[in-house]
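Asks: fold the following for me, if possible:
(one chain, ligands or ions: 1)
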Amino acid sequence: MSRLVVFSNRLPVGDNPAGGLVIALRDTMDTMGGLWIGTAGDPNTAFDSRLVNHPGANFERLAMRLSGTEHQNYYLGYANSVLWPICHGRPDLLDIRPEYFESYLAVNSRLAELSVEHLEDDDVIWIHDYHLIPLASELRKRGIKNKIGYFHHIPFPSAQNIRALSHYKELVGWFAEYDLVGLQTQRDVASCLEVFRSIMSTEILLNGKIKYGDNIAQVKSFPISIDVSTFAKIAANSLSGKERILPKNQRLIIGVDRLDYSKGLPQRLRGFQQFLKDRKSGEQNVSLLQIAPPTRGSLAAYSNIRNELEALSGEVNGEFATIGYTPVQYIHKPIERNLLAGYYRRASVGLVTPLADGMNLVAKEYLAAQDPTNPGVLVLSQFAGAYEQLQKTAVGVNPYDATSIAKAIEKAISMGLAERQDRHSEAMVQMQAQDIHWWTKSFLNSLARTSV
Ligand code: GDG
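Replies: Model (predicted):
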């Protein structure tokens, strides 16, 4: 069998809290082995012109160190102040600077240059996410002829928004260098084909294939997931002793999100506030546990959202708290994964209300963590990629509308046992059938079937 070589911006090294991509891929690499190449995320490490080996995992890990300037311009700059907002429908937050684009190209080019000597002819290469879109093109320039797949973890930008980038043609052209472009949802596939068709005048062949210049790439959706069975076991064995103790008669709603403007956190708090307003007095025994660890905190858009969220939690608590009752518990630091699984299981409602999200693994973790005999209810934004798979079993919500959120919480929290069990078991059938192992297999099988 060919070796799997994965590229992503971040590697699972050290004890940094992982984002969704690393969580998902770590499961894959633990099972399949292979080589994982990424960049070292710590801007304080010394610059090194070689890839650095990180032994100690079931797979090989090689990291390219970034200089402080590269971290600023490639990672915080082009990746997270240009591509992230454009893919999440926020062109108003774009910060376009020539040095960001130059650094993005330079980092991708150096990563290709340093990696080629580690690649073998029959390796299957799988590149991940928006930090590394030009990498296939850079590897091809250096004579790499292997199959190369790409998975885009975040939404594909609309044809309207992508034009806000002056070099959009170059950007879109890089996707066509892959044999297979994997996207989270059917909606993303439609956006991608629309971008190629309408603004690149590309020929769309049968079965989602595009022909751009001499390149033929297949575009297909592969909804990512988690290791459902393992996570369910972790959740069932998680809380014990003092962590189990919550105030008597207290019902819990849980939200878990990196503190990002795409996750709709202020809108969620407004929705919860509306829910508390709508409840009759004396019934206010429901609290929201919002875990929101920091991310990209040095960017203004992120410190702004943090300030807004802190002010709002203070406002809601000031309005509704009583002695012994705190409506909003807001935690701005990472929680250990085992504990997180236990909190999901303890919560009557999982509140997942992003304004835009590629998939959202928290929605799937919440469901997997439930006790099947007495499960909680998922409230899910129609703008999360996960909605395509879970719309029948979750309570759907418009995350922009506080009344919609308030009503969805009320419906979820007052749902009877039989309906909760039905919804949960139906969701679990779907989730077991399309878990992280299914995701990896279907992507790699599709990649193997593409013609070089
Ligand atoms: C990107 C896309 C797509 C969060 N706080 C803590 C913690 N987490 C974990 C969650 C979950 C992961 O981080 C977040 O995953 P999401 O999928 O919800 O979101 P992103 O990080 O934005 O991920 C997303 C994903 O890539 C995969 O393709 O689904 O749409 O944006 O696993 O549990 N984990 C721990 N403590 C925390 O405080 N241990």
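
Asks: now do the phi/psi pair for Pro327.
Replies: The phi and psi values for Pro327, taken as degrees, to the nearest 10, are phi -60, psi -40.

Asks: list the residues that contact it.
Replies: By Cβ atoms under 8 Å, 6 or more residues apart in numbering, Pro327 lies in contact with Phe272, Leu276, Gln284, Val286, Ser287, Leu288, Val316, Asn317, Phe320, Ala321. For the C-beta atoms, the positions are set from N, CA and C on the backbone; glycine is no exception.

Asks: how about it: what's its closest non-neighbour residue?
Replies: Nearest non-adjacent residue to Pro327, counting by Cβ to Cβ, 6 or more residues apart in numbering: Phe320, 4.6 Å away.

Asks: contact partners for the one you found?
Replies: Phe320 sits in contact with Gln273, Leu276, Gln284, Pro327, where contact means Cβ under 8 Å, 6+ apart.

Asks: which of those are buried?
Replies: With burial judged by 16 or more other Cβ atoms under 10 Å, the buried subset of the contacts of Phe320 is Gln273, Leu276, Pro327.

Asks: buried residues in the helix or strand containing the second one?
Replies: Right, Leu276. Counting by DSSP states H and E, the element that carries Leu276 is helix 265-278. Within helix 265-278, the residues scored as buried using 16+ other Cβ under 10 Å are Leu265, Gln267, Arg268, Leu269, Arg270, Gly271, Phe272, Gln273, Gln274, Phe275, Leu276.

Asks: near the ligand, which residues of the protein? Just list them.
Replies: Within the chain, the residues that sit near the ligand (Cβ under 6 Å from any ligand atom) are 17, 19-21, 23-24, 153-154, 224, 256, 258, 291, 293, 334-337, 340, 357-362, 365, 385.

Asks: put the buried members of those residues into a ChimeraX selection.
Replies: The buried subset of the residues of the chain next to the ligand, as determined by 16+ other Cβ under 10 Å, is captured in ChimeraX by this line:
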select :19,20,21,23,24,153,154,224,256,258,291,334,335,340,357,358,359,360,361,362,365,385
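
Asks: among the residues of the chain next to the ligand, which ones are in strands?
Replies: Among the residues of the chain next to the ligand, DSSP state E puts Val256, Ile291 in strands.

Asks: helices - which of the residues of the chain next to the ligand land there?
Replies: If you go by DSSP state H, these have Gly20, Leu21, Ile23, Ala24, Arg337, Leu340, Leu361, Val362, Glu365 in helices.

Asks: min pLDDT across the residues you listed, which one?
Replies: Across these, the smallest pLDDT goes to Gly20, namely 68.

Asks: of the buried ones among the contacts of Phe320, which is the nearest to the ligand?
Replies: Pro327 (20.5 Å; Cβ to the nearest ligand atom).

Asks: okay, the closest one: pLDDT?
Replies: Looking at Pro327, its pLDDT is 95.

Asks: got it, and Gly297?
Replies: Looking at Gly297, its pLDDT is 83.

Asks: quick check, it in a strand?
Replies: No: using DSSP: H, G, I helix; E, B strand; the rest coil, the assignment for Gly297 is coil, not a strand.

Asks: look up the closest residue to it, ignoring the ones flanking it.
Replies: Computed as Cβ to Cβ, 6+ apart, the closest residue to Gly297 that is not its neighbour in sequence is Ser303, at 6.3 Å.

Asks: any idea of the pLDDT on that neighbour?
Replies: 89.

Asks: tell me which element it falls in.
Replies: helix 300-320.

Asks: can you list contacts of the helix or strand that that helix is followed by?
Replies: Next in sequence after helix 300-320, counting helices and strands by DSSP H and E, comes strand 328-331. Residues from elsewhere that reach strand 328-331, judged by Cβ under 8 Å, 6+ apart: 269, 272, 287-292, 309-310, 313, 316-317.

Asks: any idea which residue of the stretch 51-200 of the chain lies closest to the ligand?
Replies: The ligand sits closest to His153 of the stretch 51-200 of the chain, with a gap of 3.6 Å, by Cβ to the nearest ligand atom.

Asks: returning to what we had before: of the contacts of Phe320, the lowest pLDDT goes to which?
Replies: Lowest pLDDT among the contacts of Phe320: Gln284, with 71.

Asks: name the nearest residue to Asn249, sequence neighbours excluded.
Replies: Nearest non-adjacent residue to Asn249, counting by Cβ to Cβ, 6+ apart: Asn285, 5.4 Å away.

Asks: hmm, back to that, of the buried ones among the contacts of Phe320, closest to Leu447?
Replies: Gln273 (46.8 Å; Cβ to Cβ).

Asks: doesn't Glu319 make contact with the closest one?
Replies: Yes: between Gln273 and Glu319 a contact is recorded at 7.2 Å, counting by Cβ atoms under 8 Å.

Asks: return the alpha-carbon coordinates of stretch 193-208 using PDB.
Replies: The C-alpha trace of stretch 193-208 is given here as PDB (Å, rounded to 0.1, in the frame of the first residue of the first chain):
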ATOM      1  CA  LEU A 193     -18.400  24.900  -9.600                       C
ATOM      2  CA  GLU A 194     -20.100  28.300  -9.900                       C
ATOM      3  CA  VAL A 195     -16.800  30.100  -9.300                       C
ATOM      4  CA  PHE A 196     -15.100  28.100 -12.100                       C
ATOM      5  CA  ARG A 197     -18.100  28.400 -14.500                       C
ATOM      6  CA  SER A 198     -19.000  32.000 -14.100                       C
ATOM      7  CA  ILE A 199     -15.800  33.800 -13.500                       C
ATOM      8  CA  MET A 200     -13.100  31.500 -14.900                       C
ATOM      9  CA  SER A 201     -15.200  30.400 -18.000                       C
ATOM     10  CA  THR A 202     -14.100  26.800 -17.200                       C
ATOM     11  CA  GLU A 203     -15.500  23.800 -18.900                       C
ATOM     12  CA  ILE A 204     -17.500  21.700 -16.400                       C
ATOM     13  CA  LEU A 205     -17.300  18.000 -17.300                       C
ATOM     14  CA  LEU A 206     -19.500  15.200 -16.000                       C
ATOM     15  CA  ASN A 207     -19.400  14.100 -12.400                       C
ATOM     16  CA  GLY A 208     -18.200  17.400 -10.900                       C
END
